[in-house]
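[1] Got a sequence here, can you build the structure:
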Amino acid sequence: MQALKFSKLTLLAVCLTSVLAACGILPEKVDETQSWSTSKLYAEAQSSMADRDYSKAAKYNAMLVGRDPFGKFAEQAQINTAYAHYKDNDTDQAMADVNRFIRLHPSSPIIDYAYYLKGLITFDDNLGLFGRFSGQDLSERDPKALEQSYETFKYLVEHYPNSQYAKDAAERMRYALNAMAKHEVLVAKYYYDRGAYLAAANRAQDAIKKFNRAPAVEDALWIMVESYKKLHLTKLSDDARRVLAATYPKSDYLTYGYKRSKRSHWWQFWGGTNS
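    This next block holds a predicted model:
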């Protein structure tokens, strides 16, 4: 009985609310920006950005573009929208925004920044929201986004060499390349750990061919030495060791059979060469 009474009261409340809304008695949600000029909207968007309220900044910039798509603030507001979404960790929307900007404004005076921002989005996406604070290594994540980032930075450096963002982009390219090489070596190590020695050697060899100047080449060569040894392919193992000695004469692998660097602690797996 009580349940029936409650249901009737709920239904009555819903009906009353609908009637009041239809009659315009309930207050409508007011758009505070309705009377703002584009200049004020742009200023408020910039203020929100300065306050690190990126959600509001993205909202105001998007509204500005919608109201005045060909105005003097529109182009900057579009790229600011992408940046605000990027800082708000909405990487999918940020990427959609920046791709739209590049498509619509290929001759923009800030097109170099658009490519730089695009590279940053995929570069940081490798770390993820929590990875940025945990210090997670980029090489331990899926390299696809990192490859996209590398290609975007490469495009920026090659097509806009005088850009103020070119130097940083080049540094990020080097980091991305080293991380991709390290990822390949991690995969080779994974195979080695599971006794798939031929797969480990082949993957290490691929890493050397693709990233022959990366620091991880030293590790790849050692995997080849150990993998061929496990396969009783003595000549191949000795050849790989000779290349390692010629390329990295002071390598810890040659003396200790493992790498002592703290930054490469994951290589402490190697307990020695006599296995």
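
[2] Now do stretch 207-217: everything it contacts.
    177, 178, 180, 181, 182, 184, 185, 188, 220, 221, 247 (CB atoms under 8 Å, 6 or more residues apart in numbering). Heads up, the C-betas are built off the backbone N, CA and C, glycines and all.

[3] quick one: buried residues of the helix or strand hosting the fifth one?
    Same thing as residue 182. Taking DSSP states H and E as the criterion, residue 182 maps to helix 166-193. For helix 166-193, the neighbour count (16 or more other CB atoms under 10 Å) marks 166, 168-169, 172-173, 175-189, 191-192 as buried.

[4] Quickly find the element holding the closest residue to residue 221 other than its chain neighbours.
    Excluding the flanking residues, the one nearest residue 221 by CB to CB, 6 or more residues apart in numbering is residue 244, at 4.2 Å. Per DSSP H and E: residue 244 is located in helix 234-247.

[5] Just give me how far the helix or strand following the helix holding residue 182 sits from the chain centre.
    Counting by DSSP H and E, the element after helix 166-193 in chain order, helix or strand, is helix 197-210. From the chain centre to the centre of helix 197-210 is a distance of 26 Å (CA atoms, centre = their mean, to the nearest Å).

[6] quick one on the thing from earlier: just the angle between the helix holding residue 182 and helix 197-210, please?
    Interaxial angle of helix 166-193 relative to helix 197-210 (axes from the mean of the first three to the mean of the last three CA atoms, to 10 degrees): 160 degrees.

[7] list the helices and strands helix 166-193 packs on?
    helix 111-125, helix 144-159, helix 197-210, helix 216-230 (3 or more CB pairs under 8 Å, 6 or more residues apart in numbering; DSSP states H and E).

[8] try it again with 6 Å
    Applying 3 or more CB pairs under 6 Å, 6 or more residues apart in numbering; DSSP states H and E, we find helix 166-193 packed against helix 144-159, helix 197-210, helix 216-230.

[9] Please identify the deepest-packed of the ones you listed.
    Of all the helices and strands packed on helix 166-193, helix 216-230 has the most neighbours on average by mean count of other CB atoms under 10 Å, namely a mean of 24.

[10] ok, now which ones touch residue 237?
    Applying CB atoms under 6 Å, 6 or more residues apart in numbering, we find residue 237 in contact with 225, 228, 229.
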